[in-house]
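Asker: Sequence below, structure please.
(one chain, ligands or ions: 2)
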Amino acid sequence: MKKRGIVALLSQKGGVGKTTVTMQLAAGLARRGRRVAIGDLDPQESASRWAASASAAAPFPALVAGLRGERADIERALRTHAQGADLILLDCPPSIEHLHTLAALELADVALLPVVPSPTDLWSTRAVERLVVATMARRPALRAALLPNRVQRTGLAGDVLEVLREFELPVLDAALAQRNAYAQSAVIGGSIYALGRAADAAREEVERLVTAVMELTGD
Ligand SMILES: Nc1ncnc2c1ncn2[C@@H]1O[C@H](COP(=O)(O)OP(=O)(O)O)[C@@H](O)[C@H]1O
Ligand SMILES: [Mg+2]
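Answerer: Ligands and ions are numbered 1, 2, ... in the order given. Have a look, this model is predicted:
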């Protein structure tokens, strides 16, 4: 039987790409035959809205359930909503003080920290990293990695990516560039896989991301 893994997407700020990564990752994992459930822990419900904007002819390839409450409530809800899933992705609110983020981190086998390579994002990533590293000290089985997102080919982005290597957590061997295709897939309620040849470069990035995450979950 395939191992069932829980992957939490965390950040201290909105706009780093937690929801975007969650949805692309879910679609990529589904294409590899994994049954994926998404727990939408963000009260703004972006993941739920994203999936709800899919057409009936092309539904989003993973179930999205809005989950609320404390860890025990979320765990209980997952037993119902994610029954039969091989993998669960938890899309968190943009704050590490939020109850849902803390619950997701406790439940996770893998914590993914999307980070936009800009100085202000680095500062807030330090705070998330501290929390994750402290959690790993208690729970050594927890795996975690930084995931560069919205990477632009500028000197600044290159410098910041260099700085990321000084973080304690490893940088995932996958990164998503700044691309219209990622934003556009939210509009159609799908993923970059539905965008055809125009999204070839994005598809390659997501495929690499899927492989890297499957390695982390031990799939
Ligand atoms: N790699 C990317 N390329 C282009 N736009 C992106 C990328 N990642 C995220 N975005 C855009 O940035 C905004 C914030 O992304 P989102 O996934 O909602 O972040 P979060 O869930 O962390 O708040 C959205 O408008 C999204 O379309
Ligand atoms: Mg979000």
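Asker: Which positions in the protein make contact with ligand 1?
Answerer: Residues of the chain lying near ligand 1 by CB under 6 Å from any ligand atom: 11, 14-20, 46, 94, 149-150, 176, 178-179, 182-183, 186. C-beta coordinates here come from the backbone N, C-alpha and C atoms, glycine included.
Asker: now for the longest helix seen in the chain, which elements pack on it?
Answerer: Scanning the chain for the longest helix, with DSSP state H as the assignment, gives helix 119-138. When contacts are defined as 3 or more CB pairs under 8 Å, 6 or more residues apart in numbering; DSSP states H and E, helix 119-138 sits against helix 99-107, strand 110-115, strand 143-148, helix 155-164.
Asker: and Ala127, how many neighbours does it have?
Answerer: 14 (other CB atoms under 10 Å).
Asker: who touches the residue nearest to it when sequence neighbours are not counted in this structure?
Answerer: In space, and not counting its chain neighbours, Ala127 is closest to Gln12: 5.1 Å by CB to CB, 6 or more residues apart in numbering. The contact partners of Gln12, taken as CB atoms under 8 Å, 6 or more residues apart in numbering, are 94-96, 124-125, 127-128.
Asker: Tell me which stretches of the chain form strands.
Answerer: With DSSP state E as the criterion, the chain has strands at 5-9, 36-40, 63-66, 87-91, 110-115, 143-148.
Asker: most neighbours per residue, which of these?
Answerer: strand 87-91 (a mean of 29; mean count of other CB atoms under 10 Å).
Asker: ok, residues contacting that one?
Answerer: With contact meaning CB under 8 Å, 6+ apart, strand 87-91 is reached by 4-9, 18-19, 22, 25-26, 29, 34-42, 46-47, 62, 78, 82, 104, 107-108, 217, 219.
Asker: Kindly report the same for stretch 152-162.
Answerer: With CB under 8 Å, 6+ apart as the criterion, stretch 152-162 contacts 117-119, 122, 148, 151, 171, 175, 177-178.
Asker: In a markdown table: these, plus pLDDT and distance to Ala72.
Answerer: Formatted as a markdown table, the contacts of stretch 152-162 follow (pLDDT from 0 to 100; distance: CB to CB, whole Å):
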| residue | pLDDT | distance to Ala72 |
| --- | --- | --- |
| Pro117 | 90 | 37 |
| Ser118 | 88 | 37 |
| Pro119 | 86 | 39 |
| Leu122 | 90 | 34 |
| Pro148 | 95 | 34 |
| Val151 | 94 | 38 |
| Val171 | 95 | 33 |
| Ala175 | 94 | 36 |
| Ala177 | 96 | 39 |
| Gln178 | 96 | 39 |
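Asker: Quick one: these as CSV, columns for distance to Val163 too.
Answerer: Listed next are these as CSV, based on distance: CB to CB, whole Å:
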residue, distance to Val163
Pro117, 8
Ser118, 11
Pro119, 9
Leu122, 6
Pro148, 11
Val151, 13
Val171, 10
Ala175, 14
Ala177, 18
Gln178, 18
